[in-house]
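J.: I'd like to go over a predicted model; first the sequence, then the structure.
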Amino acid sequence: MRLYIILILLFCTIQAIGQEKINGWLVFNTSNSSIPNNHVRDLQFDKKSRLWVATWGGGLSSYFPDDGSWKFYNETNSDIPGSQINQIEIDKNGRIWMVAADGGFGWFDGRETWESVKMPKGVRPQSIAVNRSGVALIGTYKDGLYIYSKDKILSKVWGEDNNPNYSITDICFDKKGNALVCTSFGMLRFTKVSGGMYTSVHKKIGEFPVYKVAYDKKKDVIWAIESGEQKVVKNTGKRWKVYKRGTPDIGIALNGEEATYHASEITVVDSKRYSLTMGTHYFGGIAAYGGKFWGALYTPYSDTRMTGGIEALTTDRRGSLWVGTWHRGMMVRVGEDIEMTYVEEGLTDEETANLEKLSKEQKTLVQNRKVEVKDTLYSATRNVEIWIWDAQKIDGDTVSLMLNGEFVLENHGLTKHPKKIKATLNAENNSIVLYAHNLGKIPPNTATISIIDLGKQKEITLMSDMKRSQSVIVVHDQPQSDSPPLEGNK
């Protein structure tokens, strides 16, 4: 049986002097930053990598991660539709659309132009989605679905007036531009018609009530959170699959109270390491989905009851995860982090327990070791072979080898014969770390590592004991051309 573990490495190089750093998270709240309110309802990055922050009571803000500066928009200095911003959406033209529970909806071009639209009397908006034609769909608390055309005409599409059963909590579009609408009646699909508009004609594609929706365009998959037990569900076009692990069925067991964890937010992300993230309702835990496996990622407040929990999730261009919470402000993962306990689907309870045990052992192995860089090697190609063997006396040394945060060799007993591992290096720097599982008969544990590229061999001996591990940095270094420089480029 093979152990599958995904290691999440998140990096962020933002400027945030003075921010509070807790357990690898940079935290923004009203006591340590310029964020106007700790109730963060939504987060979106625009094409210029500027983060737009929707708050409940503090209006709209923009944050520039590169220099750490803020800008604020509220009812005293702008034409914002209200200060209680429920949701934001950035359209293809870069306009920031928003719905305000205490006002209406509208958009801001990010510079100086605003458009604010009042809803009919008594109607409160809570969700919004804007298609590529510039047509906006607005979901309300208890008045159904509205549409705002390119001609600036607001009209009702579906639902009864003043009926809580017609609450619409989230909206998104599939690859054909059809609207996927979350209601207490189920997931409704409204088909796009001429001009990017929508009629009241719709199809129910889920019998259970749904709270949140996310659409993966690359895989044509609908992800959602059902409202009853707040489980994560998935639709591939034929049927719905309910994930029975964590939330309480995805393996997040914060405080040992696994049954209390329910999904609150779900979003498709652009990351090489995972494709989906899910936040919990009452506690600040996050689950990441890597294609076959779910894994837990814990925020600084994941051991504290958080009314509302995780409200927003998004990633920046570097793949760093940004999180909005109901009353703990905003946070982003910084530095390097390794989180695991990913379990393969379809295993027996015994097999799952064994995998979880091994996962914990590997997590302890990594977290309890101090890593020292011994040397730097250079490779002329990214596709290499890593050889590892015991060049000294064979004394029962058992090791694991990690390349760029992922185990490429696990629990291997060293011999005189090299173990060969094919690997692809990153474009720039790479880290290979040796971890000892025992000390053998002659401490410490030593292993000789060779990097084979283009027929050339670079060799180094690394040491590890139960407290320290040595590593080698491998730099992908393109060989210089032997041809003379062109005239004028000396």
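T.: That came through, no problem.

J.: Report the residue ranges of every domain in the protein.
T.: 20-344, 370-476 (automatic domain parsing).

J.: Let me have these in CSV, extended by mean neighbour count and distance to Glu350.
T.: In short, each C-beta sits where N, CA and C put it, glycine included. Below are the domains of the chain laid out as CSV (neighbours: other CB atoms under 10 Å; distance: least, CB to CB, whole Å):
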stretch, mean neighbour count, distance to Glu350
domain 20-344, 19, 12
domain 370-476, 17, 20
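
J.: can you put these in JSON lines and add mean pLDDT?
T.: Shown next, in JSON lines, are the domains of the chain (pLDDT from 0 to 100):
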{"stretch": "domain 20-344", "mean pLDDT": "87"}
{"stretch": "domain 370-476", "mean pLDDT": "84"}
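
J.: right, and Gln87 touches Gln126 too?
T.: Yes: Gln87 is within contact range of Gln126, at 7.0 Å (criterion: CB atoms under 8 Å).

J.: Pull up the overlap in contacts between these two.
T.: Listed as contacting both Gln87 and Gln126 by CB atoms under 8 Å, 6 or more residues apart in numbering are Val99.

J.: check contacts around Phe108.
T.: Leu60, Tyr73, Ser78, Ile80, Arg95, Ile96, Met98, Trp114.

J.: which one among those residues gets closest to Thr169?
T.: Met98 (16.1 Å; CB to CB).

J.: In contact with Asn411, which residues are there?
T.: Applying CB under 8 Å, 6+ apart, the residues near Asn411 are Thr398, Ser400, His437.

J.: now with 6 Å?
T.: By CB atoms under 6 Å, 6 or more residues apart in numbering, the contact set of Asn411 is Thr398.

J.: residues in contact with stretch 199-218?
T.: With CB under 6 Å, 6+ apart, stretch 199-218 has contacts from 157-158, 169-170, 172, 174-175, 180, 182, 184, 186-190, 222-227, 266-268.

J.: That stretch spans what distance, first to last residue?
T.: For stretch 199-218, the first and last residues are 27 Å from each other (CA to CA, to the nearest Å).

J.: Could you do stretch 210-223 as well?
T.: Stretch 210-223: ends 10 Å apart by CA to CA.

J.: Equivalent analysis for stretch 379-397, please.
T.: 28 Å.

J.: try stretch 449-465
T.: End to end - CA to CA - stretch 449-465 spans 16 Å.

J.: can you give me how far it is from the chain middle?
T.: 35 Å (CA atoms, centre = their mean, to the nearest Å).

J.: What ranges does the stretch 101-250 of the chain have for its strands?
T.: For the stretch 101-250 of the chain, the strands defined by DSSP state E, counting those that start in this stretch cover 104-108, 114-118, 125-130, 136-140, 145-148, 154-158, 171-173, 179-183, 186-192, 198-204, 210-216, 221-226, 232-235, 240-242.

J.: and the third one, what does it pack onto?
T.: Think strand 125-130. When contacts are defined as 3 or more CB pairs under 6 Å, 6 or more residues apart in numbering; DSSP states H and E, strand 125-130 packs onto strand 85-90, strand 96-100, strand 136-140, strand 171-173.

J.: Rebuild the ones you listed as JSON lines, extending it with distance to Phe45.
T.: Converted to JSON lines, those look like this (distance: least, CB to CB, whole Å):
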{"stretch": "strand 85-90", "distance to Phe45": "8"}
{"stretch": "strand 96-100", "distance to Phe45": "11"}
{"stretch": "strand 136-140", "distance to Phe45": "20"}
{"stretch": "strand 171-173", "distance to Phe45": "17"}
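
J.: closest to His281 out of those?
T.: Of all the helices and strands packed on strand 125-130, strand 85-90 comes closest under CB to CB, at 16.6 Å.

J.: distance between the closest one and the chain's centre?
T.: Distance, centroid of strand 85-90 to centroid of chain: 19 Å (CA atoms, centre = their mean).

J.: That strand pairs with which strands, parallel or anti?
T.: strand 96-100 (antiparallel) (DSSP bridges).

J.: any idea how far the partner strand is from the chain center?
T.: Taking CA atoms, centre = their mean, one finds strand 96-100 lying 23 Å from the centre of the chain it belongs to.

J.: Only C-alpha atoms, please: export it in PDB.
T.: Extracted in PDB, the C-alpha atoms of strand 96-100 (Å, rounded to 0.1, in the frame of the first residue of the first chain):
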ATOM      1  CA  ILE A  96     -15.400  46.100  -8.800                       C
ATOM      2  CA  TRP A  97     -19.100  45.200  -8.400                       C
ATOM      3  CA  MET A  98     -20.500  45.000  -4.900                       C
ATOM      4  CA  VAL A  99     -23.800  44.400  -3.000                       C
ATOM      5  CA  ALA A 100     -24.500  46.200   0.200                       C
END
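
J.: Just want the angle from that strand to strand 136-140.
T.: In terms of direction (axes from the mean of the first three to the mean of the last three CA atoms, to 10 degrees), strand 96-100 departs from strand 136-140 by 20 degrees.

J.: Show residues contacting strand 96-100.
T.: 52, 81-82, 84-90, 105, 107-108, 125, 128, 130.

J.: just so I know, which of the helices and strands packed on strand 125-130 lies nearest Met331?
T.: strand 85-90 (18.3 Å).

J.: now the angle from the closest one to strand 125-130?
T.: Using the same axes, to 10 degrees: strand 85-90 against strand 125-130 is 0 degrees.

J.: Can you name the residues in contact with strand 85-90?
T.: 41-42, 44, 46, 52, 54, 60, 96-101, 126-130.

J.: which residue sits closest to Leu60, ignoring its sequence neighbours?
T.: Excluding the flanking residues, the one nearest Leu60 by CB to CB, 6 or more residues apart in numbering is Tyr73, at 4.5 Å.

J.: mind listing what that neighbour touches?
T.: Gly59, Leu60, Ile80 are the contacts of Tyr73 under CB under 6 Å, 6+ apart.

J.: Of the residues you listed, which belong to strands?
T.: Gly59, Leu60 (DSSP state E).

J.: any idea which of the contacts of Tyr73 is the one closest to Tyr378?
T.: Proximity of the contacts of Tyr73 to Tyr378 (CB to CB) peaks at Leu60, which lies at 48.7 Å.
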